[in-house]
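1. Mind looking at a prediction? Sequence and model below.
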2 protein chains.
Amino acid sequence: MALRYALLGLLTKGEATGYELNQRFKETMIHFWKAHHTQIYRELGKMEQEQLVSSHVIHQVEYPDKKLYKLEKQGQHLLLQWMMNMNVAQPTLKDDLLLKASLFHLIPKDVALSYLQKAKEQHLFGVGLMNEWRTTHFPGNEFSSADLGEYLTSEFGRRYMQHWIDWCDWAMAIIESEKNKESIERKQE
Amino acid sequence: MALRYALLGLLTKGEATGYELNQRFKETMIHFWKAHHTQIYRELGKMEQEQLVSSHVIHQVEYPDKKLYKLEKQGQHLLLQWMMNMNVAQPTLKDDLLLKASLFHLIPKDVALSYLQKAKEQHLFGVGLMNEWRTTHFPGNEFSSADLGEYLTSEFGRRYMQHWIDWCDWAMAIIESEKNKESIERKQE
DNA sequence: TACACATATGTGAAAATGCACATATTGATA
DNA sequence: TATCAATATGTGCATTTTCACATATGTGTA
């Protein structure tokens, strides 16, 4: 249900095609929302029927035609109503790696460690990308008033990844120390 | 698809009813997985058909009968296979509050601040609960080897909530300073 | 006395989501 | 020379997830 608010929200920054909206999703909303491109196209179609957005086709010679979507008054109204309604839906999260981590007692410690190492590297890479992104988009931590939200949530993403990295380090240290305990016990036998 | 691994994983700790599994979900997996109780019952039914788990009914006089589920060899095998397969699915996340936060430029700053204040309070409360839970389950940070996973992921949850609190503080400070800038601008006009 | 809550397990239907596939062209890489 | 990625928009189907509802009883609360 809230996917439409995400799309309407992106459209407040200007007209865009489904393809561009998908890209912006991946760029700026990846830390709190995921949507498959087929879902985005479908939702845009529905919203056009409900007259929340409108579109017109732009013919392209070298590439396929594209459909530029524009936020309509009704959509703007609906979005603002949602923003001003203080009800906040419960977040939903499914994290495969954390699920596996919760079951690390079932597998060899070295396998657990390699899961964590890999996760740490991915998040290290992510932090790097994010820092780059932020220095190009908000040089000197300056942002225009229309970018307030993006500024806040991109910092959330950066911190979230850093939190992951720190936790991976902590968890790997715990597992290493458990490994040591085991080898001491073996020696004493 | 991975819901079944979560359930199989919980069942490695002993037999349980669907009701209990739902409770354990809320207690220990809330920070990385959510499942509606109807989904849990349905998945258990499917897994029983596939002989991954088995059940027997326990008659109760004062309460409705309950069905105790037990992990079967095939289920154990499937779970371990999944644990040892290093493929990790992309996490999915939908966070209403962060979506709203990304659109804070659309609403008055005081409304934005009250969203953040509320979120901060909720996470403060959550950290408190988590600290209690951890001191009862892992007094002196001691844990049995079968609880390694739970020990690691509950710490993830604790840190995650702390990360939220810190971010809320940071974001509120940013918005306050933007408010001040505005009022200075108004005075200069 | 009425209502909510905990206990306990589900069904039917709708909505949301993901997967495989389809189309068409250019430019880059192996 | 062949394959892959980027551009651009979708359909059909299956799976996943949620929502409203149904059942039944004891206990605590307003």
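-> Looks like it arrived, so ask away. Residues are numbered from 1 along each chain as shown, chains lettered A, B, ... in the order given.
2. interface residues of chain A facing DNA strand C?
-> Within chain A, the residues that sit near DNA strand C (CB under 7 Å from any atom of the strand) are A:1, A:3, A:34-36, A:38-39, A:42, A:62-64. Bear in mind the C-beta positions are built from the backbone N, C-alpha and C, glycine included.
3. For those, which ChimeraX command selects only the ones that are buried?
-> To isolate the buried subset of the residues of chain A next to DNA strand C in ChimeraX, counting by 16 or more other CB atoms under 10 Å in any protein chain shown, use the following:
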select /A:3,34,35
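4. Out of the residues of chain A next to DNA strand C, name the ones that lie in strands.
-> Of these, none are assigned to strands by DSSP state E.
5. which of the residues of chain A next to DNA strand C lies closest to chain B?
-> Of all the residues of chain A next to DNA strand C, chain B sits closest to residue A:34, with 5.2 Å by CB to the nearest CB.
6. Surely that closest one and residue B:92 touch.
-> Yes: using CB atoms under 8 Å, residue A:34 is in contact with residue B:92, at 5.2 Å.
7. Relative to residue B:61, how far out is the residue nearest in space to the middle of chain A?
-> Nearest to the mean C-alpha position of chain A, by CA atoms, centre = their mean, lies residue A:30 at 1.7 Å. From residue A:30 over to residue B:61 the distance is 53 Å, taken as CB to CB, to the nearest Å.
8. residue ranges for the helices of chain A, please.
-> Using DSSP state H, the helices of chain A run over residues A:3-11, A:18-24, A:37-49, A:73-84, A:96-101, A:109-137, A:148-188.
9. Can you say which of those is nearest to residue B:106?
-> helix A:73-84 (5.6 Å; CB to CB).
10. Extract the C-alpha set from the closest one and format it as CSV.
-> Only the C-alpha atoms of helix A:73-84 are listed here, as CSV (Å, rounded to 0.1, in the frame of the first residue of the first chain):
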residue,chain,number,x,y,z
LYS,A,73,-3.3,17.5,-7.6
GLN,A,74,-5.2,14.4,-6.2
GLY,A,75,-2.0,12.5,-5.8
GLN,A,76,-0.3,15.4,-4.1
HIS,A,77,-3.3,15.7,-1.8
LEU,A,78,-3.3,12.0,-1.0
LEU,A,79,0.4,12.1,-0.2
LEU,A,80,0.2,15.1,2.1
GLN,A,81,-2.7,13.5,3.9
TRP,A,82,-0.6,10.4,4.5
MET,A,83,2.4,12.5,5.6
MET,A,84,0.3,14.5,8.1
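11. other SSEs contacting it?
-> When contacts are defined as 3 or more CB pairs under 8 Å, 6 or more residues apart in numbering or on different chains; DSSP states H and E, helix A:73-84 packs onto helix A:3-11.
12. So for residue A:53, what's the pLDDT?
-> As predicted, residue A:53 sits at a pLDDT of 97.
13. right, and it touches residue A:9 too?
-> No: counting by CB under 8 Å, residue A:53 sits too far from residue A:9 to count as a contact (12.0 Å).
14. what does chain A put close to DNA strand D?
-> Neighbours of DNA strand D within chain A, by CB under 7 Å from any atom of the strand: A:17-20, A:23, A:37-38, A:41-42, A:44-45, A:60, A:63-68, A:92, A:94.
15. What's the PyMOL line that selects buried ones from these?
-> Buried residues among the residues of chain A next to DNA strand D (16+ other CB under 10 Å), as a PyMOL selection:
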select buried, chain A and resi 17+18+41+44+66+67+94
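16. surely residue A:162 meets residue A:128?
-> No: contact between residue A:162 and residue A:128 fails when scored by CB under 8 Å: they sit 11.3 Å apart.
17. got a pLDDT number for residue A:182?
-> With respect to pLDDT, residue A:182 scores 87.
18. Likewise for residue A:148?
-> pLDDT for residue A:148: 98.
19. domain assignment for chain A?
-> Annotated domains of chain A cover A:3-84, A:96-188 [automatic domain parsing].
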